[in-house]
Structures are given as structure tokens and as C-alpha cells.
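**Q** After the sequence you'll find the predicted model.
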Amino acid sequence: MPPTPVSWPAVSTTTALPTVADVVAELERRYPPAWAEEWDRVGLVLGEPYAAVRRVLCVVDVVPETVAEALAADVDMIVAHHPLLLRGVSSMAPTTYKGRIIHQLIKADIALYVAHTNADVAAPGVSDALANRLGLVDLRPLQPSRPGTPAAGSGRGTGRIGRLPQPMALAELARHAAAVLPATAAGVRAAGDPDRAVRTLAVCGGAGDSFLADATAAGVDAYLTADLRHHPAGEHLATNGPALLDATHWATERPWLDDLAAVLRTAPGVDTLVSDLDTGPWTVHATAPSASEPRTGPTP
Ligand SMILES: [Zn+2]
């Protein structure tokens, strides 16, 4: 689905730049907060709505490393995918991990905005960006938003299902995914017969464990997501589910930052940056020499 046109407000008489409120209004037109899951916490976290926005940094995670990037780049606003504050807190003391981040942002006058599950279900949304990187065509939701919910309709929902322009063996697809997704130390691993032909692929940016049954029901050849675990993945394969590809959480969500930046860049006078800092925890990937080749069957 092509992106809808942007409708930035007319430049005000007092400033030639959009305000935090203007940026928020445009983001919420693309990613209405009502589309977020009930447990989620999206929207403006920090920042005066009337403050001018000259430069924005798009990140997956608000962590000390991306905050340092924001400070070094002298941005006025961070737009993040993951909520900094998802659960209740009773202290913002700078001696705590998140309190330190909040103090740094407020002192530097940096606004913080979060678009999370509302950006996941949007069309185009997080999993469209992932599917596009992989070259999938004919996209539709893996789990369409439920009828009667605010996000229902117009191709919205979690994950995407698409078709590869050319079938690929699972092992080849894993190498393709590792090549086209943002590079990480962990790369991409696959589960299932390495020679299995993959024509249709389901994808879900972030932790997609809970959509394994949807991928099976959709009858796709393979499902690519992140954070897959031993027992759910093993049970899924043992019950003839699609082959699995496991990338890192950051690598599956980073592609969306380019779409987000494209929206923000249309604002008059706003300079938009995208963080390429891998915020995943994994820094080393090692295999025993004998484990470097794909195996074709279970070990005893
Ligand atoms: Zn995520």
C-alpha cells in the first residue's frame, strides 16, 4: 500500500519550524495511538509540545548508547519504537538506569515520542518494511486486526505474508535474509529442512513467538521473526509447521526506521537521522568447526 500524503500544518507566523506538537500530530495520523495494544504505552513521553523541532533521531530502543547519539547529533526529538516506560515506576532518580536517561533527555531539551504496536499494525507498518527488505510481494497481514477494534480494516494487522519473486531453498533464504537485513553479530538462523523450497513467507518484526499458529494456519512455507525459543519452535516444527527463520529483534525492526524517517523528512526544515547502532545484546556468534554446515536431520 503506498504511503498516504503528508499534511504538515502551514508554517506558523512565530516559527519557521514545526513544533513537537506538529510532529506528534503527523505521527498520530500515520500511527493512531488507539491502534496500540491495551498493555502498550505509546505517544509523547517527554518534551514541551510548543518546542521547535529542527532535527529528529529515529531509534528502535532508547538506551544510553542511542541517547549518546542524540546528544552528539544535537537533536530536538527522538522517535522510538520501544516504550522507555512500559510499567509503573516510583522513581526517576538519575541513579537509576531509566532515570539517568530521562534526566539526560530533559536537560538537553530532547523530546521523546514512542510508536510501538500502533506502528506494528499500521499499513504500511513495521512488518511491511521488513517484508520489503526481503523482496516479498503481494503482502497481506499475518494476523489481521480483529473486526470491531480501532485498527480493523485496510490491510492492517500484525506481521505480513508475502511471496518471494523466485523460490529459494531454506538455507539460501537464510543467507539472503542475513545479507539484506541490517547486519548483526548473531545473523540469521533457520530451523527445518535446509533444502525445503520456500515460495511463501510470513514475517513479523520483533518477538513473533505468539504468531506461530497463525503462520501454520496460513499455510506458508516459512516464517521469519525474532526471539524464537527452544520449546515453542521445536513443538511448532514437530507438528508440521512452516520452517522458521530467526533474526535478531533489532534487525527485524530497524528497516521500519527508514519509513518513519521518510515521513518526518517531509516536514519543512526538519533534518531526520536514523540510528544504525545495533541495540541488541548479542555481540559474538561462534559455531564449532563441525557445526558450520547445515545439517539435514536431528542429532541423537
Ligand atoms: Zn520490538
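**A** Sure, I can see it.

**Q** can you give me the helices in the stretch 1-150 of the chain?
**A** Along the stretch 1-150 of the chain, the stretches classed as helices by DSSP state H, counting those that start in this stretch are 20-30, 64-72, 97-107, 117-121, 126-134.

**Q** And the third one, how far out from the chain middle?
**A** Mean C-alpha position of helix 97-107 versus that of the full chain (C-alpha atoms, centre = their mean, to the nearest Å) differs by 23 Å.

**Q** Tell me what angle it forms with helix 64-72.
**A** Angle of helix 97-107 versus helix 64-72, following axes from the mean of the first three to the mean of the last three C-alpha atoms, to 10 degrees, is 10 degrees.

**Q** Helix 97-107 packs against which elements?
**A** Contacts defined by 3 or more C-beta pairs under 8 Å, 6 or more residues apart in numbering; DSSP states H and E place helix 97-107 against strand 43-46, helix 64-72. Bear in mind the C-beta positions are built from the backbone N, C-alpha and C, glycine included.

**Q** Give me the buried positions along that helix.
**A** 98, 101-102, 104-105 (16 or more other C-beta atoms under 10 Å).

**Q** In a markdown table, list the helices of the stretch 1-150 of the chain along with mean pLDDT and distance to E48.
**A** Formatted as a markdown table, the helices of the stretch 1-150 of the chain follow (pLDDT from 0 to 100; distance: least, C-beta to C-beta, whole Å):
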| stretch | mean pLDDT | distance to E48 |
| --- | --- | --- |
| helix 20-30 | 96 | 6 |
| helix 64-72 | 98 | 17 |
| helix 97-107 | 98 | 10 |
| helix 117-121 | 98 | 23 |
| helix 126-134 | 98 | 28 |
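
**Q** Distance to L85 for these - can I get that in a markdown table?
**A** Converted to a markdown table, the helices of the stretch 1-150 of the chain look like this (distance: least, C-beta to C-beta, whole Å):
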| stretch | distance to L85 |
| --- | --- |
| helix 20-30 | 17 |
| helix 64-72 | 14 |
| helix 97-107 | 7 |
| helix 117-121 | 15 |
| helix 126-134 | 20 |
